[in-house]
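> Turn this into a model:
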Amino acid sequence: MVSCIGKTLLVVFSSLVLLMASSGQNALLAAGSAMEADEMAVAIQNRIEAANPRNPAPSGGERPSFTPGVKKFYARHGFRPAWVDREGPLPAADALLNALQKAPRHGLRPEDYHLAAIEDLLSGFWGFFGRNPLSAEESANLDLLLTDAFFRYASDLASGRMKGDKRKAHWYLRERVAPDLGEALEEALDSGQVQPVLESLAPITPSYIRLRMALFKYQEIDRRGGWPFIPSDAAGLKKGAKSRRVALLRKRLKISGDLNASDHFEITGGTDLFDESLDQAVRTFQQRHGLYADGAVGPETLEALNVPVAQRIRQIEVNLERLRWIPEDTGDQVVVINIPEFRLRVLEGSDELMNSRIVVGKYAQNTPVFESRISHFILNPYWYVPRSIAVDEVVPLILKYPEYFYWENMKVLSSSGKVIPPWEVNWEKVTASNFKYQLRQEPGPKNPLGRIKFIFPNPFDVYLHDTPDRHLFEKTVRSFSHGCIRVEKTTDLAMTLLRGKPSREELVSAMDSGEMKTIRLPKAVEIQVLYFTAWADADGFVQFREDIYRYDAPLQLAMEQAAHRTATEKD
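As a prediction, this is how the structure comes out:
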């Protein structure tokens, strides 16, 4: 019996020894893990401190640069790593890498987000013969790069590559409200849904989504070699013509999607006859590029056909950037003007209530890009001639034709606003420096503002108005004004903004009276005067327009230079 008790005690004692040994080993492992985590935290904190320009630069290396959000994020977490542990990179690191590699789908460049450095560190961990543990310094560097990449990419998706004052890009709209990027990072790490969180930061408007799809289509065309160049001897081709260039033209339009698949012709072949299907394809292409759609390959059409697909991709990328700038809180109704399209639309949600052709400012007197709110409009308005027009254009006409005031139904106002006879002014001595008068054209058929003027406050003194020069709306390119916007369908616009009250008959009757009258809208309506040279319409057609004010190239350059800036984050 004693022997049995002794054996039992021996077993218990042995088990306790083993348990203590095991606990000690686990404790050592835990201590080792904690030490490694502490080493990474210290390394992370040291690198962040080295990025502070007030601190000495690290010896033998460049000063690191991080977004403001990086320091805040790590400070909240005791500088502990977020993307790696003692075993190596966490799944979230691969998820972020995958998201960065897909940045071109938004028209952004993965290389702007430390992609090469991140890939080098990850490839060093995943060696040829298996995993190679990273040092604390390497782990800290990888973790910081991933966090900084997240903030930069998230910021660019949420509010665009170009930060801060956008007046250099001729953009005078308020900033798009960006979400808290720190909270976005926390959500991405906690949920493990890194890419969905990043995608949710980009605009969710139909215009942005459609243009992204267009970008993907054109990137695919580029990967497949683009489209063929159409030689100059194809100029003048039209329906009924026979030429060896017809098959090449057919292939070009098939690649861009303007020519539908045919039972008779393949993309690699075809006929030399310019038939009905090709005529329709050319017209579709012309409509998509804002050209006169006559089905003939004229000089402008040929030039547009030969724009390389890579250039169209850059054009789409620039306009995706502009879409990331647009404020989304516009209210239930908004008037949207696209300057290069020469088109005005009234939108309510996703519905288009009306649209109209417009005339915008010429290159030297461009229509600005801005936003405001339309509060009222004036029937049968006066036209107060701008000072520059009065001095440079009207005064020479007055000197040449003394009857000018009578012909044009124009009055002269003194500096106090009193109407004075025009013969009291010595027009021969009037100069830009001493011109102290105001010229006012009375309501009537010659008034350049027509019968309606829409008012919205802005620093550019720009407004929408009617015009007696209706023939200009028939032109394809309509940049003829001094900066204000002439609207073809002003009565339709007024009725849409008034929401049907008063009736159309009452409105027309008031206009026909010839008396000036102010009509206030039941609710002020947002107006956005925008500049887009590429977009995808509701039917999915990719639209391109001439960059009439030459804004695209400087913006593209600014986006490239933004790779060297420090992104901002909402506090």
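
> alpha carbons only for contacts and neighbour counts from here, please
Fine.

> pretty sure Gly331 contacts Ile527?
No: the pair Gly331 / Ile527 is not scored as a contact, 10.3 Å apart, by C-alpha atoms under 8 Å.

> Looking at the two, which is more packed in?
For Gly331 and Ile527, the more surrounded residue by other C-alpha atoms under 10 Å is Ile527, and the numbers stand at 20 against 11.

> what sits against the more buried one?
Val334, Val335, Val336, Ile337, Glu371, Ser372, Arg373, Ile374 (C-alpha atoms under 8 Å, 6 or more residues apart in numbering).

> Does Trp535 belong to a helix, a strand or coil?
strand (DSSP: H, G, I helix; E, B strand; the rest coil).

> Now, the contacts of Ile527 that are in strands?
Using DSSP state E, the members of those that fall within strands are Val334, Val335, Val336, Ile337, Glu371, Ser372, Arg373, Ile374.

> got these as CSV, with pLDDT and distance to Arg470 columns?
Below are the ones in strands among the contacts of Ile527 laid out as CSV (pLDDT from 0 to 100; distance: C-alpha to C-alpha, whole Å):
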residue, pLDDT, distance to Arg470
Val334, 96, 25
Val335, 98, 22
Val336, 97, 21
Ile337, 98, 19
Glu371, 97, 26
Ser372, 97, 26
Arg373, 97, 26
Ile374, 97, 24
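
> just the buried members of these?
Burial by neighbour count, 16 or more other C-alpha atoms under 10 Å: within these this picks out Val334, Val335, Val336, Ile337, Glu371, Ser372, Arg373, Ile374.

> Hmm, Glu526 and the fifth one touching each other?
Yes: the criterion here is C-alpha under 8 Å, and Glu371 meets it with Glu526 at 7.4 Å.

> Identify the contacts common to those two.
With C-alpha under 8 Å, 6+ apart, Glu371 and Glu526 have no common neighbours.

> what does the domain assignment say about this protein?
What automatic domain parsing lists as the domains of the chain is 1-226+308-329+557-571, 227-307, 330-381+445-532, 382-442.

> possible to save those domains as CSV with distance to Tyr549?
Listed next are these as CSV, based on distance: least, C-alpha to C-alpha, whole Å:
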stretch, distance to Tyr549
domain 1-226+308-329+557-571, 10
domain 227-307, 16
domain 330-381+445-532, 6
domain 382-442, 21
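
> Comparing these by mean pLDDT, which bottoms out?
Lowest mean pLDDT within the domains of the chain: domain 1-226+308-329+557-571, a mean of 82.

> For the stretch 301-450 of the chain, just list every one of the strands.
334-338, 343-348, 351-361, 370-379, 383-384, 410-413, 419-420, 438-441 (DSSP state E, counting those that start in this stretch).

> Tell me which other helices or strands the last one touches.
Spelled out, that is strand 438-441. Taking 3 or more C-alpha pairs under 8 Å, 6 or more residues apart in numbering; DSSP states H and E as contact, the helices and strands that strand 438-441 lies on are strand 383-384, strand 410-413.

> following that strand, which helix or strand shows up next?
strand 452-455 (DSSP states H and E).

> ok, residues contacting that next one?
374-381, 463-466, 490-491.

> From those, keep the buried residues only.
With burial judged by 16+ other C-alpha under 10 Å, the buried subset of the contacts of strand 452-455 is 374-381, 463-466, 490-491.

> Let me know the closest of those to Ala562.
Tyr463 (33.9 Å; C-alpha to C-alpha).

> how close does the closest one get to Leu413?
As judged by C-alpha to C-alpha, to the nearest Å, Tyr463 and Leu413 stand 22 Å apart.

> how about the strands of the stretch 301-450 of the chain, which one is nearest Leu472?
Comparing those by C-alpha to C-alpha, strand 351-361 comes nearest, at 7.5 Å.

> circling back to that earlier point, out of the domains of the chain, which gets nearest to Phe541?
Across these, closest to Phe541 is domain 227-307 (C-alpha to C-alpha), at 7.2 Å.

> end to end, how far does that closest one reach?
Per C-alpha to C-alpha, domain 227-307 runs 9 Å from first to last residue.

> Which of the strands of the stretch 301-450 of the chain sits closest to Ala154?
strand 370-379 (25.6 Å).

> Tell me which residue lies nearest the centroid of the chain.
Central residue of the chain (C-alpha atoms, centre = their mean): Arg322, 1.7 Å from the mean position.

> which residues touch that residue?
Arg322 neighbours (C-alpha under 8 Å, 6+ apart): Gly160, Phe532.

> one step back: pipe the strands of the stretch 301-450 of the chain into JSON lines and attach distance to Leu399 per row.
JSON lines is the format used below for the strands of the stretch 301-450 of the chain (distance: least, C-alpha to C-alpha, whole Å):
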{"stretch": "strand 334-338", "distance to Leu399": "39"}
{"stretch": "strand 343-348", "distance to Leu399": "38"}
{"stretch": "strand 351-361", "distance to Leu399": "27"}
{"stretch": "strand 370-379", "distance to Leu399": "31"}
{"stretch": "strand 383-384", "distance to Leu399": "20"}
{"stretch": "strand 410-413", "distance to Leu399": "15"}
{"stretch": "strand 419-420", "distance to Leu399": "17"}
{"stretch": "strand 438-441", "distance to Leu399": "15"}
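
> of all these, which lies closest to Leu449?
strand 383-384 (6.5 Å).

> Give me the sheet partners of that closest one and which way each runs.
strand 438-441 (antiparallel) (DSSP bridges).

> how far is the partner strand from where the chain is centred?
A distance of 40 Å separates the centroid of the chain from that of strand 438-441, by C-alpha atoms, centre = their mean, to the nearest Å.

> try stretch 516-525
Per C-alpha atoms, centre = their mean, the centroid offset for stretch 516-525 relative to its chain is 31 Å.

> Out of the strands of the stretch 301-450 of the chain, which gets nearest to Val542?
Going by C-alpha to C-alpha, the one of the strands of the stretch 301-450 of the chain nearest Val542 is strand 334-338, 15.0 Å.

> Contacts for the closest one, please.
Residues contacting strand 334-338 (C-alpha under 8 Å, 6+ apart): 343-348, 525-532.

> between the residues you listed, which is closest to Glu199?
Closest to Glu199, out of all of the contacts of strand 334-338 and judged by C-alpha to C-alpha, is Phe532, at 22.8 Å.

> So the closest one, which state does it fall into?
coil.

> contacting residues for it?
Per C-alpha under 8 Å, 6+ apart, neighbours of Phe532: Asn319, Arg322, Asn338, Ile339, Pro340, Glu341, Arg545.

> with the residues you listed in mind, which one is nearest to Leu181?
So of those, ranked by how close each gets to Leu181 (C-alpha to C-alpha), first place is Arg322, at 20.3 Å.

> on that earlier part again, columns distance to Val508 on top of the ones in strands among the contacts of Ile527, output as CSV?
Shown next, in CSV, are these (distance: C-alpha to C-alpha, whole Å):
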residue, distance to Val508
Val334, 24
Val335, 22
Val336, 25
Ile337, 25
Glu371, 28
Ser372, 26
Arg373, 24
Ile374, 20
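
> Appreciated, that's everything.
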